[in-house]
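In: Show me the folded form of this:
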Amino acid sequence: MNNIHFAELIHRQAGKYGRRAALRFRDDRLNKWTSISWMGFAEAVMSAAKAMAEFGIDVQDNVGLYAQNMPECLITDFAAYANRAAAVPMYSTSSPAQVEYIVRDASIGMLFVGEQLQYNNAFIVQRACPEVLKRLVVFDRNVKLNPDDRSSVYFDDFRRLGDNANVDAVVKVRMMGASADDVATIIYTSGTTGLPKGVVLNHSCFMECMRIHAERLPNVNDSDVSMCFLPLTHIFEKAWAYFCLYVGAEVAINRDPKLIQMTLPEVRPTMMCNVPRFWEKVYAGALGKIEGFPPFLRRIAGRAVRTGYAYNMEYCNVGRKAPLALKWMFAVYDRLLFRMIRRTLGIERGKIFPVAGAPLSDEVNSFLQSVNIPVVYGYGLSETTATVSFCPMGGFTMGSVGTVMPGLEVRVDPVSSEIQVRGKTVTSGYYNRPEDNAKAFTPDGFFRTGDAGRLEGDTLYFTERIKDLYKTSNGKYIAPQAIESLMANDRFIAQVAVVGDGRKFVGALLVPDFEVLESYAASKGIAYANREELIGRREIVRLIESRVEERQKDLASHEKIKRIALLAEPFSIAGGELTDTLKLKRNAILEKYEIIIESIYDEGK
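Out: A predicted model of the protein is given here:
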């Protein structure tokens, strides 16, 4: 299936798997998971494709999607591909202004929306630019349409119009004419450094992406079940979900990220891609429980983790045969403790859990490997159709982001240390951005990632986003992401934003994990009326300062956080401090918290 085009992928798999489950979703009305067969998936794709053609979607038109994870998202994607149209996803948390920007930039005439929030925002956009956005198609039948809305249609009605339309021949001709050079999707960057840019990914990018992942992951097959947790707008989840469909694995779609603790034990997937923050919370939670054990059990738990590390990392990972005593002790701890941790999370059947999107600390990775949670750390970008490199299941180097994918050329600029990539999975450029395209590529065709790193053989190391590097007034460079990653591993700290560019020393804005902090306050008899009062208590400030100091004990003096300010409200997408991919918007944070940041550097305080 190396050269299969997405225009026919689902139909090819339906012929192979028939009524076997392709997708699974949680029906909240019935309070249970419902499956969609490969045959049902293919039929839905075909009826939606015919409806698109009937409503005027032409070859290489841009079709918008603005919804949380739903089966309809994947149906719409592949219906667009059948028409040789491009799918343009938007995050379900996007504001009307963000949606309007993409609608105008990509000339989207038809927008598929999820629930009431997305519909309400999309209707505002449609009224703002009716000359561009002609029609909304609504996935959720429970959405109440605006009384003045005369053009929107529900998705099931939309599909029925396709079934009744005499456009079957049109779609089939388009499918037969599908080309690897067609644009498959335009994914807009999160806009941390300015206006979002549309990353153009052709079908050739995805076809190569499927091929090289199948080469690197031969153990992923049609017996697997993958939990679709990250937004399908994110290239990491989108490419992974496509790969699962490519190999015939079942995709279980988690609709609400807040429900993942409930849905994981219900599905018990063998695979799930995720960002480091998820595993940082797992790590912090496990450490918190261990810290609450009596001293005797705490020592046993510590010994168990050390045994797991020795067995998995010092022997299995490097291909050495473990001593019989170590192998036996690991088996005991795995059965009595590690399996309990995995079962509690709902991942005891886990085969591979890819993790990327931000730095994963060695501390967290080592713990997860020790307790037999098969996380696989990697590195990639929207512009490279996700994966540039990832750690193999055995023989990987801790601290690296793995080995480079086959077929890709990766180099590191000797002056700037920038990671540069060339290959078939690399974007053809940014949509309608010729000036940005000229800057994005070197004269010999390598894409400039904007990330610093180093390459040792085919093993890649990520250092920092080059634009995120800070230079203190003493001329010392610091990497804020690395420091933030260290802090995020602490169970008392939920979020951290390092500041200090052009300053005498490094400071930080910290958001405590209030669930943990409030429990601590109760155990110490610390009274408070609200969160603002809690973080103002001197004993709480001292506690967090001591946690910070412990975390950064191995940093160089100029890298260490010297002063902190605690925040009562978390950074959020709605508040403007986070992108839709949950990355910090540093400029927005500097502006919003200017007074608090100035207080950090106030010599009189």
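
In: tell me the SS of the closest residue to residue 259 other than its chain neighbours?
Out: The shortest distance from residue 259 to any non-neighbouring residue, by Cβ to Cβ, 6 or more residues apart in numbering, is to residue 26 (7.9 Å). In this view, the C-beta of every residue, glycine as well, is placed from N, C-alpha and C. Residue 26 falls in the strand class when you classify it by DSSP: H, G, I helix; E, B strand; the rest coil.

In: Residue 26 reaches residue 70, doesn't it?
Out: No: in this structure, residue 26 is not within contact of residue 70 by Cβ atoms under 8 Å, at 10.6 Å.

In: State whether residue 23 is indeed within a strand.
Out: Yes: per three-state DSSP, residue 23 lies within a strand segment.

In: The closest residue in space to it that isn't next to it in sequence: neighbour count?
Out: Once flanking residues are discounted, residue 23 sits nearest to residue 36: 4.3 Å by Cβ to Cβ, 6+ apart. Residue 36 is flanked by 20 other residues according to other Cβ atoms under 10 Å.

In: re the thing from before, check contacts around the residue nearest to residue 259.
Out: For residue 26, the contacting residues are 32, 33, 34, 253, 254, 255, 259, 263, 266, by Cβ atoms under 8 Å, 6 or more residues apart in numbering.

In: Narrow these to those in helices?
Out: With helices taken from DSSP state H, the overlap with those comprises 263, 266.

In: and the gap between the residue nearest to residue 259 and residue 257?
Out: Note on residue 26: its distance to residue 257, by Cβ to Cβ, to the nearest Å, is 13 Å.

In: give me every residue that touches the residue nearest to residue 23.
Out: 21, 22, 23, 24, 25, 44, 71.

In: Repeat the analysis, applying 10 Å as the threshold.
Out: Counting by Cβ atoms under 10 Å, 6 or more residues apart in numbering, residue 36 makes contact with 21-25, 43-44, 71, 74-75, 250-251, 253.

In: Drop anything exposed from those residues.
Out: 21-25, 43-44, 71, 74-75, 250-251, 253 (16 or more other Cβ atoms under 10 Å).

In: Output these as TSV; include the columns distance to residue 328 and pLDDT.
Out: Output for the buried ones among the contacts of residue 36, formatted as TSV (distance: Cβ to Cβ, whole Å; pLDDT from 0 to 100):
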residue	distance to residue 328	pLDDT
21	39	98
22	42	98
23	42	98
24	38	97
25	43	97
43	53	97
44	52	97
71	46	98
74	46	98
75	50	98
250	36	98
251	38	98
253	41	98
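
In: Show me which strand runs longest in this protein.
Out: Longest strand of the chain, by residue count under DSSP state E: strand 447-456.

In: Toward the C-terminus from that one, list the very next helix or strand.
Out: Counting by DSSP states H and E, the next helix or strand C-terminal to strand 447-456 is strand 459-465.

In: Contacts for the following helix or strand past that next one, please.
Out: Moving toward the C-terminus from strand 459-465, the next helix or strand (DSSP H and E) is strand 470-471. Contacts with strand 470-471, where a contact means Cβ under 10 Å, 6+ apart, come from 464, 476-480, 483, 498-503, 506, 559, 586.
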